[in-house]
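**Student:** sequence plus the predicted model coming up.
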Amino acid sequence: MGKNPVKDNNGFVLKAAVPLAVLFAAGIFFLMRIVSGISTHGAEFEGEDRNYHILVVGQADSSVFLNQIFEGAKSMSQDYSALVELKSPDSLAENISLQSLIDYGSFVNADGIIAYVSPSSLPFESVSRIDGTEIPVITIGHYLAENPQISFIGSNYSNLGRRIGIESEELFEPSGKAYIVISGIPGSPNYSNLLNSLMDYYKAKGISNFEVFDKSLKENRKSVEEVLLHGKTDCCAVVCLTEEDTIMALQLVAASPASGRIKILGYGENETVTMYLEKGILSKLVSFNLNKIGRTAMAELFEYRNKGYANSYITADLQVRRAEKK
């Protein structure tokens, strides 16, 4: 009789331990699922030990951006004695949230994270190292005030509008008409600022032979299609102010009988846009210097580590690429 309570207590401990073990195993399994669906790339160190571990993370729809940012960050790895690792989903089919990618930084006890935030990303929460200190995060791309970021590297939309004005002006023809395309502008102060800056540049230069399509992407597509495919032969240039508009216009121009004479200025950076640039269908491409952004992000992370502060907002440099002459 005296041993029965001991048996009962042991039985209680065992019963309590089983669900805890199951929960622990489930957590490990979930984490492994995330990790297994993510591509990993690291700098080559030839056996050298590095003191710090920096992650570059982003979702699958940002893969082109990420690779260039990663290369820029990795080029600084030796200067800061840092392992730089790229973590991103293998494909668009892997629907891994930015938060899960950020959480991976805690799992590997990272010293800093460079995160590309796409327009579809949700705000993320901060993560910590094993010692309880918060991992500093620098964000690139789409700005979200809710993100716990020490610094954001992105565009100055006034400068972007002026630069697009300068680059598009030489595509215009005296006898032709240009069409400016910008979708999603309602409710977006950034897009409004971009368009206003472009209009100010055209006004200062006396340029007036253009029309602006500034409705939804679907409505703008119909307008551009009407211009390109249904008999409007006065079109000499299409100036696209978003990446989505650039892809849309390129697809329509490629199918247009007048595609050989219509010049297009695009904005953005992805494989589709780059392909059209290489084929000569896209005349000019305005985008960010992503390699330099990666280098700047590394400098800011270690500035923060060494001095306890970083620039809260950094304007990214723009670059212009032109179609290769054939």
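**Tutor:** Noted; the coordinates are in hand. Computed from a prediction, not measured in an experiment: that's the story for all the values here.

**Student:** in the chain, which spans are helices?
**Tutor:** Assigned by DSSP state H, the helices in the chain fall at 4-36, 63-74, 98-107, 157-169, 189-204, 217-229, 243-254, 271-279, 290-307.

**Student:** for G141, find the nearest of those helices.
**Tutor:** Across those, G141 has its closest neighbour in helix 63-74 (6.8 Å, CB to CB). Every residue, glycine included, has its C-beta placed from N, CA and C.

**Student:** hmm, back to that, tell me which of the helices of the chain sits most buried.
**Tutor:** Most buried of the helices of the chain by mean neighbour count (mean count of other CB atoms under 10 Å) is helix 63-74; its value is a mean of 23.

**Student:** counting contacts, what elements does it pack onto?
**Tutor:** Judged by 3 or more CB pairs under 8 Å, 6 or more residues apart in numbering; DSSP states H and E, the packing partners of helix 63-74 are strand 52-57, strand 82-89, strand 112-117, strand 137-141, helix 290-307.

**Student:** make CSV out of those and add mean pLDDT.
**Tutor:** Output for those, formatted as CSV (pLDDT from 0 to 100):
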stretch, mean pLDDT
strand 52-57, 97
strand 82-89, 93
strand 112-117, 96
strand 137-141, 95
helix 290-307, 96
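
**Student:** got the ones you listed as CSV, with distance to F152 columns?
**Tutor:** CSV is the format used below for the helices and strands packed on helix 63-74 (distance: least, CB to CB, whole Å):
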stretch, distance to F152
strand 52-57, 15
strand 82-89, 20
strand 112-117, 9
strand 137-141, 5
helix 290-307, 10
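
**Student:** low-confidence ranges, this protein, go.
**Tutor:** Scanning the chain with the threshold set as pLDDT under 70 gives 1-48, 61, 91-94, 230-233, 258-259, 325-326.

**Student:** how about a cut-off of 80?
**Tutor:** 1-49, 60-64, 90-95, 119-120, 186-187, 229-234, 256-260, 270-271, 324-326 (pLDDT under 80).

**Student:** follow-up on the earlier one: for the helices and strands packed on helix 63-74, which one sits closest to E167?
**Tutor:** Of the helices and strands packed on helix 63-74, nearest to E167 by CB to CB is helix 290-307, at 18.2 Å.

**Student:** just checking, what packs against that closest one?
**Tutor:** strand 52-57, helix 63-74, strand 112-117, strand 137-141, strand 151-154.

**Student:** mind putting those into a markdown table with distance to K222?
**Tutor:** Shown next, in a markdown table, are those (distance: least, CB to CB, whole Å):
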| stretch | distance to K222 |
| --- | --- |
| strand 52-57 | 37 |
| helix 63-74 | 28 |
| strand 112-117 | 31 |
| strand 137-141 | 29 |
| strand 151-154 | 31 |
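
**Student:** of the ones you listed, which is nearest M298?
**Tutor:** Shortest distance between M298 and these, using CB to CB, is found for helix 63-74: 5.0 Å.

**Student:** the closest one vs strand 52-57, what angle?
**Tutor:** Here the directions of helix 63-74 and strand 52-57 differ by 160 degrees (axes from the mean of the first three to the mean of the last three CA atoms, to 10 degrees).

**Student:** quickly note the distance from S118 to E85.
**Tutor:** S118 is 20 Å from E85, where distance means CB to CB, to the nearest Å.

**Student:** so Y201 sits against E167, correct?
**Tutor:** No: with contacts counted by CB atoms under 8 Å, Y201 stays clear of E167, the gap being 10.5 Å.
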